[in-house]
Every structure is written in structure tokens, then in C-alpha cells.
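Trainee: Predicted model follows, preceded by the sequence.
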Amino acid sequence: MTRIRIFIVLFVAIGLGGTFAFATYRYIQRRPVREVSLPTTPVVVASADLALGTELRRDDLRVIAWPADAVPAGSFTDVQDVIGRGLVQAVAEDETVLPAKLAPVGAGAGLPPIIPEGKRAVSVRVNDVIGVAGYVLPGTHVDVLATVSPTNDQTTMTSKVVLTNVLAIASGTRIEQDAEQHKPIAVSVVTLLVDPSEAERLTLASTEGKIQLALRNPLDKTAPPTPGIQPAVLLGYARPVRAAAPRTVAAAAPAPPSPPTVEIIRGDKRVQEVVRQE
């Protein structure tokens, strides 16, 4: 009899609990939902990942509602304000388009707007070895090594670092015509940002010899001087040529002043006598 009472109490408790839970659920569902609206501002963002040098089109952009109290400074509200302008920095999808990432109005798109004043963009042909297995990408820094002989003698062939910490601003493939078979071939090209004097050195190195790019850490700003190396030194047949230390030439001691003399005339003879001081 006691067991039956326990089961009755249990069933009553479950029934009451279920009824209370259902009533609570219905009450919550019937309550009106309060919507909190925040003031927003339209902001132009990229609709896809956009590479450096891209000329912005309508399909590259979209406008989203941005919280009014957190709008990035300088952001645009109308896509017409940025259509046709080129990017001087890459932009990720949904990233805000800001003036600092755009070329000036009328400057166009592509590579020219991203070249700073006083700099030049020089392209060099590379392969998988010269281009460090494809790791030379826009934004990386490289050293340029040149292997060239000042004469036609193989023994004077020298390899030396001619440019250090050069910024690569573009890399890719272009189509050229084969000189022998007159067929189009794909050529890998890396474009480096240099000043005019560095452009001269790079052009001479690439036309008169062979060049090699050495990838470097962008945080490494050092440029240790190197004397270059020749085949005989590389194979141990000769010692490295080191720059001679500058020699100081001792100044010559001033000549002692000549002693005072007196000219004595005796008849037709003239004699110079030294005056000695007692």
C-alpha cells in the first residue's frame, strides 16, 4: 500500500511539473519581442579579395550598415566615390575601403600609382631558382647577386651582392615570343622597387651577366659589405682579396731655416760669409 502511495505522489509531481513548464513556455512565447535598433551609417566595403593595383568596379564593392558610433575615419558612403580608382594596397573581403588604400583621383590603376616619388620599378626575368622557388612575392625583400666577368677570361668571373634590401612590388608571368621558333612562351617576371642609380646597376647586371635573388627577412635591415668571390677563391686555389687598410703618409719635416749670410766684395770677388751668433 505504501508503494502505491509513492507512485501516486510521483505521478502527481510529474504532472504538475509538466503543466507548469508548458504554461511557462506558452507565456514566454506570447510575450512581444522587443527589438533594439542601433543607429547605423552606410559604409563601402570590398565584396571580394582585391589585389594591389586593381581598378575598382561596381562588382568589387558593396555597401553595408555600420554602427554609427564605430565608423572608420575616412570611410566612403557611396560606391560612386571610389569606382575607377586603383588600389595601392591589397584589400580583403568585407574590409572597409579607405582613402589611404586608393591611388589619387586620375592617377589610374595598375603599377604606376604605387611607385613612390624618386623610385623606379624595374622588372627582371626569373625562373624557379632565381626567384627562390616562387617565394619572391609582392611585399617581400631580396638581395640581388650578380655573377659577371669584367673580361672574357673565366678566371675573372666574380659573384657579388650588388643591391641589398630591395622591395618586390609585383611578380607574375607574361607571354613573350620565342626568338628561334617564334612561338609564345611564358616567362616569370619579378618587379623590384629601386632608385635610378640602383636601376642602372640592376640593368647592367642582368644584361652583362647572371643575377640571383636572395630572399631575406623583412625585419633584417643590415647590409654587411662583401668583397665578392671568384672561382679560384671558391675552390681554395687563392686567398680572398681583402681591401688594404688606408695608409697614412707622414708629413715631411720642414727644412731648417738657412743661416743669415753677408756678402763681402773684395776687388772683383764676391764672397758669402755666414754670420755666426755667439
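Mentor: Arrived safely.
Trainee: Check the gap between residue 42 and residue 95 for me.
Mentor: Look at residue 42 and residue 95: by C-beta to C-beta, to the nearest Å, they are 16 Å apart. Where you see a C-beta, it was placed from the backbone N, CA and C, and this is true even at glycine.
Trainee: do the same with residue 192
Mentor: 27 Å.
Trainee: Which residue ranges make up the domains of the protein?
Mentor: Dividing the chain into domains by automatic domain parsing, as the record does, gives the ranges 40-112, 115-234.
Trainee: neighbour-wise, which of residue 192 and residue 95 wins?
Mentor: Just comparing residue 192 and residue 95: by other C-beta atoms under 10 Å the higher neighbour count belongs to residue 192, 24 against 15.
Trainee: Just grab the bridge partners of the more buried one for me.
Mentor: Counting by DSSP bridges, residue 192 is bridged to residue 122, residue 168.
Trainee: where does the stretch 151-278 of the chain dip in pLDDT?
Mentor: In the predicted model of the stretch 151-278 of the chain, residues 173-187, 240-259, 262, 265-271, 273-278 satisfy pLDDT under 70.
Trainee: Can you pull up the most central residue in the chain?
Mentor: Central residue of the chain (C-alpha atoms, centre = their mean): residue 139, 3.6 Å from the mean position.
Trainee: need the contact list for that one.
Mentor: With contacts taken as C-beta atoms under 8 Å, 6 or more residues apart in numbering, residue 139 has the following neighbours: 167, 168, 169, 218.
Trainee: and of these, the nearest to residue 82?
Mentor: Distance to residue 82 across the contacts of residue 139 (C-beta to C-beta) is lowest for residue 169, with 21.9 Å.
Trainee: I'd assumed residue 116 was in contact with the closest one.
Mentor: No. Under the criterion of C-beta atoms under 8 Å, residue 169 makes no contact with residue 116, lying 10.1 Å away.
Trainee: If you count neighbours, what's buried in stretch 96-110?
Mentor: Neighbour-count burial for stretch 96-110, with 16 or more other C-beta atoms under 10 Å as criterion, is recorded at 96, 97, 98, 101, 102, 103, 109.
Trainee: With stretch 77-84 instead?
Mentor: Going by 16+ other C-beta under 10 Å, stretch 77-84 has these buried residues: 79, 82.
Trainee: before we move on, the earlier item: find me the pLDDT at the residue nearest to the centre of the chain, would you?
Mentor: Looking at residue 139, its pLDDT reads 83.
Trainee: From residue 89, how far off is it?
Mentor: Remark: distance between residue 139 and residue 89 (C-beta to C-beta) = 10 Å.
Trainee: residues touching residue 230, list them.
Mentor: The contact partners of residue 230, taken as C-beta under 8 Å, 6+ apart, are 155, 156, 157, 158, 159, 238.
Trainee: which two in the residues you listed are spaced the farthest apart?
Mentor: When C-beta to C-beta is used, the two most widely separated members of the contacts of residue 230 are 159 and 238, lying 14.7 Å apart.
Trainee: Those two: who's more crowded?
Mentor: residue 159 (18 against 12).
Trainee: can I assume that one sits in a strand?
Mentor: Yes. The assignment for residue 159 by DSSP: H, G, I helix; E, B strand; the rest coil puts it in a strand.
Trainee: so it sits right up against residue 227, yeah?
Mentor: No. At 10.9 Å, residue 159 and residue 227 do not qualify as touching, with contact defined as C-beta under 8 Å.
Trainee: Do you have the helices of the stretch 151-278 of the chain handy? List them.
Mentor: If DSSP state H, counting those that start in this stretch is used as the criterion, the helices of the stretch 151-278 of the chain fall at 196-208, 231-234.
Trainee: what's the span of stretch 153-164 from first residue to last?
Mentor: Between the start and the finish of stretch 153-164 there is a gap of 27 Å, counting by C-alpha to C-alpha, to the nearest Å.
Trainee: Which elements pack onto the helix or strand harbouring residue 22?
Mentor: In this assignment (DSSP states H and E), residue 22 forms part of helix 2-30. Here helix 2-30 is seen to pack against no other helix or strand when contacts are counted using 3 or more C-beta pairs under 8 Å, 6 or more residues apart in numbering; DSSP states H and E.
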